[in-house]
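**Q** What follows is a predicted structure for the sequence shown.
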Amino acid sequence: MSTTAMPITEIAPQRSWYKRNEIAVTPWLFLAPGVLFFLFYVIFPIFQSFNLSLYRWDGLGEAEFVGLANYQELSTDRAFETSLWNNLKWLILYLLAIPAGLFIALFLNQTVTGIRLYKSLFFFPFVISQIVVGLVFTWFYDPTFGLLNVMLGWVGLGPINVLGDPTLVTYGIIAAGLWPQTAYCMILYLTGLNAVDPEQIEAGRLDGAKGWKMLWYIIIPQLKPATFIAFVVTIIGALRSFDLISIMTNGGPFGSSRVLSFYMFEKALSEYGFRMGYGAAIAVVLFLIMLFFIAYFLWSMFQEERAR
Amino acid sequence: MFPTPIEKTPRAWQLTYQSLLPLALLMWLLPLLAVALFSVKPEADFVGGGYWSLPSYFAGFENYGRVFFDSDMPRYLMNSVLITIPTVIGCVILSSMTGFALGIYKFKSNIWIFFMFVAGNFVPFQILMVPVRDLTLDLGLYNTKTGLVLFHIAFQTGFCTLFMRNFIRALPFPLIEAARVEGVSEWRIFWYVVLPLMKPAIAAMSVLIFTFIWNDYFWAVVLTQGAESQPVTAGITSFNAQYRAAYHLMSAGSIVAALPPVAMFFLMQKHFIAGLTLGAVK
């Protein structure tokens, strides 16, 4: 194919410079607006934040260079420590969305009448805004009328005030976050299950594989691409958690439900703060945690690109 | 198919499954159903403490009427529309171009530019927050819909490029080579050959971006304030402050705020799911 295309570039001399270099130049013309926009709004700000984290700045006056003082302060900041631990809880517990999503996908992977509608309705929580999810769950947990306590009352327990209890609050919010995230993972696995090779299943059946064994040795390995995407979106979702915390508890009680993303916002922009430099330092820590995962994702993608 | 198709299982399990399905769905959507119930109950029901009783009468029109005519909700909804639609259009334009460039052409830095988009798409918002807010202030766009739209377009371009580029990679390359042999210029190849083939990807991506932007809350509070420019996600929180204990109005407001992406999802279901799982199936 490429040899037949050659002559076009060879009858060059009388043509304009653009015509001669068309194939080399075009991609750059097409890339320019998107790349510039992206550099301007996403890539440069990352470096600016790194730089800003070395300053003390209230967002209005003159910024004062303080070196690593912000990071030094972070190391003794109890609120920062709490946020970091909560981030860890989010990261680990949020991953439950993956097996939960797989479980629901397996449950729904049938062909009974109306199953399409069922699948769509199960996916519902992901489509609605996290703000609404947060409100809904705030009411669900409400100690006076919340459905949770009504149900606990049936078995003679409660009432508990999930969002008012410093030890429970983060778990309560994570549970709310798991609801849409599980829906997301479910849909990923449903499409993954569609692509599973039926011959391998038959072969497995002939070899006497059933139930769990079939799932573990034959189905899950084939779902690897879906699992990878589910892992990526869940990790990112966990580290980006902000909306739910903001709407459900606003970081409370006593700051016990803060995570880094929320604490950063609080320090830099809310009524407590306008400490832009300190906020930037928190953001840098969060970024470095994320960078660890980003590097892994890119590395996996790179492997796959090379394999093609 | 896994698990075993239900038709091939014992009758008893078939019946159990058929009855389990609606039950599971009910449990799964319980919190939402509760809100829907709240939104049609009259205020008196809450005052009397009857949170979970059936509505004493249907107050849906009354509650939703107040949301639409007695609050800033319509303005917030309008703002959301005016933020979301331009963002979707901007993203489609920019990313079909970047996707084309990265999907079709082979050049040295191709993969690195692609990785820049992918990595940028994954960064936490907070690392961008202060500089982007300053930038928006400097441009005189703070507290405007334009400021929000510009940032959203730029940021979503990362994800959209990933999406478009992978889609274009999967197109049959000989098609483009054939066009080149015919002497079709490169931008014409983009416009007449590749773009028409990209329609399904553009549809899928648009629905996805619509949902992302409509549901955005963080940037709305960072870059805007007040009813003249804030979208509905931020609006609902001030609504919350205004009607703190008015559960019937809050529920109605939440449902109104959540509805557009839901409607979008149901209308464009096929595209939406194709969008979410792009790359996962291959």
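**A** Sure thing, it's come through.
**Q** which intervals of chain A have sub-threshold pLDDT?
**A** A:1-14, A:271-273, A:308 (pLDDT under 70).
**Q** And the longest helix anywhere in it, what's buried?
**A** In chain A, assigned by DSSP state H, the helix with the most residues is helix A:276-307. Using 16 or more other C-beta atoms under 10 Å in any protein chain shown as the test for burial, helix A:276-307 gives A:276-287, A:289-291, A:293-294, A:297-298, A:301. C-betas here are computed from N, CA, C, even on glycine.
**Q** Output the contacting helices and strands for it.
**A** helix A:44-52, strand A:55-56, helix A:69-76, helix A:78-94, helix A:224-240, helix A:260-268, helix B:110-122, helix B:126-138 (3 or more C-beta pairs under 8 Å, 6 or more residues apart in numbering or on different chains; DSSP states H and E).
**Q** Just give me the neighbour total for residue B:141.
**A** 19 (other C-beta atoms under 10 Å in any protein chain shown).
**Q** That one is in what secondary structure piece?
**A** Using DSSP states H and E, residue B:141 sits in no helix or strand.
**Q** How about it, nearest residue that isn't a chain neighbour?
**A** Leaving out its chain neighbours, the residue that sits closest to residue B:141 by C-beta to C-beta, 6 or more residues apart in numbering or on different chains is residue B:147, at 3.2 Å.
**Q** Okay, and the one you found sits in which element?
**A** Residue B:147 belongs to helix B:145-169, assigned by DSSP H and E.
**Q** Downstream of that helix, the next helix or strand is which one?
**A** helix B:173-181.
**Q** Buried ones in that following helix, by neighbour count?
**A** B:176, B:178, B:179, B:180.
**Q** residue contacts, the residue nearest the centre of chain B?
**A** Centroid-nearest residue in chain B, with C-alpha atoms, centre = their mean: residue B:211, separated by 1.0 Å. Taking C-beta atoms under 8 Å, 6 or more residues apart in numbering or on different chains as the criterion, residue B:211 is in contact with A:127, B:261, B:264, B:265, B:272.
**Q** Between helix B:110-122 and the lengthiest helix in chain B, find me the angle.
**A** Criterion DSSP H: the longest helix present in chain B is helix B:73-104. Put simply, helix B:73-104 runs at 160 degrees to helix B:110-122, going by axes from the mean of the first three to the mean of the last three C-alpha atoms, to 10 degrees.
**Q** hang on, the earlier thing: just send the buried residues of helix B:173-181 back as a markdown table, with distance to chain A and pLDDT too.
**A** Formatted as a markdown table, the buried residues of helix B:173-181 follow (distance: C-beta to the nearest C-beta, whole Å; pLDDT from 0 to 100):
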| residue | distance to chain A | pLDDT |
| --- | --- | --- |
| B:176 | 10 | 89 |
| B:178 | 8 | 90 |
| B:179 | 10 | 90 |
| B:180 | 5 | 89 |
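**Q** Correct me if wrong: the residue nearest to residue B:141 contacts residue B:136.
**A** Yes - counting by C-beta atoms under 8 Å, residue B:147 does reach residue B:136; the two are 4.4 Å apart.
**Q** Give me the common contacts of these two.
**A** Common neighbours of residue B:147 and residue B:136 (C-beta under 8 Å, 6+ apart) are residue B:223.
**Q** Strands of the stretch 51-200 of chain A, residue ranges please.
**A** A:55-56, A:64-65 (DSSP state E, counting those that start in this stretch).
**Q** most tightly surrounded among these?
**A** Compared across those, strand A:55-56 shows the largest average neighbour count, a mean of 18 (mean count of other C-beta atoms under 10 Å in any protein chain shown).
**Q** Pairing partners for it, with directions?
**A** strand A:64-65 (antiparallel) (DSSP bridges).
**Q** Could you check stretch A:72-89 against chain B for contacts?
**A** No - interface with chain B: stretch A:72-89 contributes nothing (C-beta under 8 Å from any C-beta of the partner chain), its closest point being 10.5 Å away.
**Q** Name the residues that touch that stretch?
**A** A:170-171, A:174, A:238-239, A:255-260, A:262-263, A:278, A:281-282, A:285-286, A:289.
**Q** Mind doing that once more with 6 Å?
**A** A:170, A:255, A:258, A:259, A:260, A:263, A:281 (C-beta atoms under 6 Å, 6 or more residues apart in numbering or on different chains).
**Q** how is chain B carved up into domains?
**A** Recorded structural domains for chain B (assignment: automatic domain parsing) are B:6-68, B:71-276.
**Q** If you average pLDDT over each of those, which is lowest?
**A** Lowest mean pLDDT within the domains of chain B: domain B:6-68, at a mean of 84.
**Q** Determine how far that one lies from the middle of the whole chain.
**A** 25 Å (C-alpha atoms, centre = their mean, to the nearest Å).
**Q** Any idea how far apart the tips of it sit?
**A** Counting by C-alpha to C-alpha, to the nearest Å, you get 46 Å between the two ends of domain B:6-68.
**Q** ok, now stretch A:72-82?
**A** 16 Å.
**Q** ok now that stretch, how far from the chain's centre?
**A** 25 Å.
**Q** In that stretch, which residues are buried?
**A** Those buried within stretch A:72-82 under the rule 16+ other C-beta under 10 Å are A:74, A:77, A:79, A:80, A:82.
**Q** for stretch A:41-52, same thing?
**A** A:41, A:42, A:43, A:45, A:46, A:48, A:49, A:52.
**Q** what residues are up against the fourth one?
**A** Residue A:45 makes contact with B:128, B:131, B:132, according to C-beta under 6 Å, 6+ apart.
**Q** ChimeraX command to pick out the buried ones of the residues you listed?
**A** Only the buried entries of those go into this ChimeraX selection, using 16+ other C-beta under 10 Å:
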select /B:128,131,132
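**Q** Out of the contacts of residue A:45, which is nearest to chain A?
**A** residue B:131 (3.6 Å; C-beta to the nearest C-beta).
**Q** The closest residue to residue B:77 other than its chain neighbours: what's it in contact with?
**A** Using C-beta to C-beta, 6+ apart and skipping the chain neighbours, the partner closest in space to residue B:77 is residue B:232 (5.4 Å). Residue B:232 is in contact with B:76, B:77, B:80, B:257, counting by C-beta under 6 Å, 6+ apart.
**Q** can you check residue B:235 too?
**A** Here residue B:235 is in contact with residue B:76 (criterion: C-beta under 6 Å, 6+ apart).
**Q** Wait, a helix at it?
**A** Yes - counting by DSSP: H, G, I helix; E, B strand; the rest coil, residue B:235 is located in a helix.
**Q** Report how many residues lie close to residue 256.
**A** I went with chain A, as the question did not name one. Taking other C-beta under 10 Å as the criterion, the count of residues near residue A:256 is 18.
**Q** wrong one, I was asking about chain B
**A** 22.
**Q** How about residue B:17?
**A** Neighbour count of residue B:17, defined by other C-beta under 10 Å: 15.
**Q** and the gap between it and residue B:179?
**A** 52 Å (C-beta to C-beta, to the nearest Å).
**Q** do residue B:117 as well
**A** 26 Å.
**Q** residues contacting the residue nearest to residue A:230 when sequence neighbours are not counted?
**A** Computed as C-beta to C-beta, 6+ apart, the closest residue to residue A:230 that is not its neighbour in sequence is residue A:185, at 4.5 Å. By C-beta under 6 Å, 6+ apart, the residues touching residue A:185 are A:97, A:98, A:101, A:230.
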